[in-house]
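1. what follows is a predicted protein model with its sequence.
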2 protein chains.
Amino acid sequence: MRHTYVAGTATTTFGRHPDKTLIDLAVEAGEMAIADSGLERSEIDAVYFGNFLGRGIDGQGVIASLLALRLGLAGVATTNVEGACGSAGIALRHGVLSVAAGAATATLCIGAEHMTRPGTQAITKLLTEAGEMATDGAAGLTFPGFFGLVANAHAARYGSTRDDLAAVVMQNRACAVANPNAMFRETVSADQIASGKLIADPLRLLDCSPISDGAAAVVVTDWAHATSSRNGAVRVLACEQTSGPVGIRHMETLTSFPATVTAAQRAYKSAGLGPRDIDVVELHDCFSITELVNVADLGFFAHGEAHTAIAEGLTTNGSPGVVVNPSGGLLGRGHPVGATGLAQVHEVVGQLRGTAANQLPAAHVGMAHNLGGAGATATVTILGAA
Amino acid sequence: MRHTYVAGTATTTFGRHPDKTLIDLAVEAGEMAIADSGLERSEIDAVYFGNFLGRGIDGQGVIASLLALRLGLAGVATTNVEGACGSAGIALRHGVLSVAAGAATATLCIGAEHMTRPGTQAITKLLTEAGEMATDGAAGLTFPGFFGLVANAHAARYGSTRDDLAAVVMQNRACAVANPNAMFRETVSADQIASGKLIADPLRLLDCSPISDGAAAVVVTDWAHATSSRNGAVRVLACEQTSGPVGIRHMETLTSFPATVTAAQRAYKSAGLGPRDIDVVELHDCFSITELVNVADLGFFAHGEAHTAIAEGLTTNGSPGVVVNPSGGLLGRGHPVGATGLAQVHEVVGQLRGTAANQLPAAHVGMAHNLGGAGATATVTILGAA
């Protein structure tokens, strides 16, 4: 397999974009990522578009082909991929595979979502399509509802508390303050979290990532072309994709997502690295409880120790171990679901380039972890200095 | 790039399947293709699922992950791809790329659609999502409407007639009679075609591929594993994917689909072959007029000569040139849109194995051509004896 490199990345600001369409946002991120890559448009052979909700909201198929036309890339291979909230991570992996196979010189991977227009109830309903509709969906289980069950199971098994969940929220919101692309730019207090509307016991409003609009894009290429990158190329050390249970009836446990565990194990093996080699990770904190599960599934802490470690600040910038979600994560940066996996890569690349919000003193190896549904899909990407 | 092989293929019968779901059909085809490949389930690393209408009909995301669970493939990489009626061709190409990149030993590519339940009006509306909704869709242009415009443009430019369209229908319907998996098993007469309901002038009912249920699946692998194939492996000589105009405002002409032209050119170059080397092609005759356009776009005849050649029987079994759609094509076999691209590969592999309906005396090289939307995407795959 050929080595692959990220030559360009971009995100739009995440938040509310009432004056833009899904396609506008995707084009905006794509244009910026191409500019950042320093590549000519003629060198780009494929567009991958990750999106989950746009079809249900706008009723438009073949969006990747519309994007190619808008971006001056007429004729390239255009593929729409869907893996719920993991759609963008899957788009990236296929951008990587195309270059690795020698089928493309460079690929443009875009993820986007425009979620704020239809309203909370409509979006909540569409998001249930990421679970098993014939069972969990039919029973009325929402996505916050599922992660509320996860939080309760985690508390029962490992003794995590509401304070441990609040610690995740406060840390990620504090990081987002410095990120100009983040949706939320204010810190939150324990009192604010505790007094937030109860969404799905024990999860309150600020435990939930927000309904957001936004897009992110990444250009992947080979070494010969990565040298054109305006701000420096980064090497893809591993990019793995797995699947797991879709509905609760498939799950052996609620406190671990096997798709994440397997994707991380494969990524470590592929990169010849372990959890201790990772300086920074952008992981999928769609809810505060998800971060507690993920840091354990990714191998950074034992499951029973993850919540204590986070509450003690062991995952913050300046700590000796892995730094988690310095961008603010999904809780602070926002979660336009189809964009998230590529926004994570943008943030990790920023850390490796030395240009990120909350920049680490020395970041050599970074990881992005994108989860789809209730663990139906996962991607883990490890990036290192070129 | 590693050489890749098709080790197993299958289709369900195409037609009406009121007692089965989309997922049932996909699993049925997947099981048969795995059995045909002779591979162990543990050797399959990825599932690609091509589908266009299921999300709008059933409201279920992450279907590839549900398929993996049902097929005993838990944990493998699962990807849902969408490219309108070209979805299955795109699924195949990514199954090929994964193996070519060395990221998978074997991949299972499944395409499926369950279209008969919602009724014609609802399906016609959902199918418009394959065009540009903001322009053509908003103007009320249906897909038959678009291809009616193509037929009128073709008649004006090249002098093709209603009889030329009828010749395509009669030929493909005649072929379908011998295909046990086809939806239509009776021949049709010129009178029956001429007296059919007018759908979109000049296209009448039998000029249009039918609303169908069905699934098809293909297992792609490397040479070391292709030897397990129960009925013989076939080599992938080329598998190319392109994009083109989405809405009419993007089109320079209505009588050619540039995505097909470019995909064919690249496939010929990649395989080191030309149109004269192709013994048999399964191409995307979603409407009778589309076959007239395609045989020219694929390089088999000049545009002004294609309709005459077909009317003269130069594309039927026994003719010295390329044999077109011996399976019955979409007009005879049926067109469950997300399944079609893989059903075409199943039919071509049957010809190369010597087991097809309307078997050619000697088929050494075959082609499958899958079109998405009004030319928004195209894939061209060339297969040859291993």
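-> Structure's in. What do you need?
2. could you use CA atoms for every contact and neighbour count after this?
-> Will do.
3. tell me the bridge partners for A:Leu198.
-> On the basis of DSSP bridges, A:Leu198 is bridged to A:Arg204.
4. can you give me the neighbour number for it?
-> Neighbour count of A:Leu198, defined by other Cα atoms under 10 Å in any protein chain shown: 14.
5. go ahead and confirm it touches A:Arg204.
-> Yes. A:Leu198 lies in contact with A:Arg204 (Cα atoms under 8 Å); the separation is 4.3 Å.
6. quick one: the helix or strand where A:Val27 lies near chain B?
-> A:Val27 belongs to helix A:22-37 when elements are defined using DSSP states H and E. No. Using Cα under 8 Å from any Cα of the partner chain, helix A:22-37 never reaches chain B; the gap is at least 11.3 Å.
7. and the helix or strand just after that helix, what does it pack onto?
-> Counting by DSSP H and E, the next helix or strand C-terminal to helix A:22-37 is strand A:44-50. In terms of contacts (3 or more Cα pairs under 8 Å, 6 or more residues apart in numbering or on different chains; DSSP states H and E), strand A:44-50 is packed against helix A:63-70, strand A:77-82, helix A:87-100, strand A:106-114.
8. three-state assignment of the residue most central in space within chain A?
-> By Cα atoms, centre = their mean, the mean C-alpha position of chain A lies nearest to A:Gly341, the distance being 3.1 Å. Following DSSP: H, G, I helix; E, B strand; the rest coil, we place A:Gly341 in the helix state.
9. kindly report the same for A:Thr187.
-> Classification of A:Thr187 using three-state DSSP returns coil.
10. who are the neighbours in contact with it?
-> A:Met170, A:Arg173, A:Ala174, A:Val177 (Cα atoms under 8 Å, 6 or more residues apart in numbering or on different chains).
11. who wins on neighbours among those?
-> A:Arg173 leads these on contacts (other Cα under 10 Å) with 29 neighbours.
12. picking up where we left off before, report pLDDT for the residue nearest to the centre of chain A.
-> Note on A:Gly341: pLDDT of 98.
13. quick check, it in contact with A:Gly86.
-> Yes. If you go by Cα under 8 Å, A:Gly341 and A:Gly86 touch, sitting 6.4 Å apart.
14. joint contacts of those two?
-> In contact with both A:Gly341 and A:Gly86: A:Asn370, using Cα under 8 Å, 6+ apart.
15. residue ranges of the strands in chain A, please?
-> Listed in chain order, the strands of chain A (DSSP state E) span A:5-11, A:44-50, A:77-82, A:106-114, A:198-200, A:203-204, A:213-221, A:234-243, A:280-282, A:323-324, A:365-372, A:377-385.
16. parallel or antiparallel, list what pairs with the last one.
-> Read it as strand A:377-385. Note on strand A:377-385: by DSSP bridges, its sheet partners are strand A:234-243 (antiparallel), strand A:365-372 (antiparallel).
17. re earlier: got the strands of chain A as a markdown table, with mean pLDDT columns?
-> Putting the strands of chain A into a markdown table (pLDDT from 0 to 100) gives the following:
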| stretch | mean pLDDT |
| --- | --- |
| strand A:5-11 | 98 |
| strand A:44-50 | 98 |
| strand A:77-82 | 98 |
| strand A:106-114 | 98 |
| strand A:198-200 | 97 |
| strand A:203-204 | 98 |
| strand A:213-221 | 98 |
| strand A:234-243 | 98 |
| strand A:280-282 | 98 |
| strand A:323-324 | 98 |
| strand A:365-372 | 98 |
| strand A:377-385 | 97 |
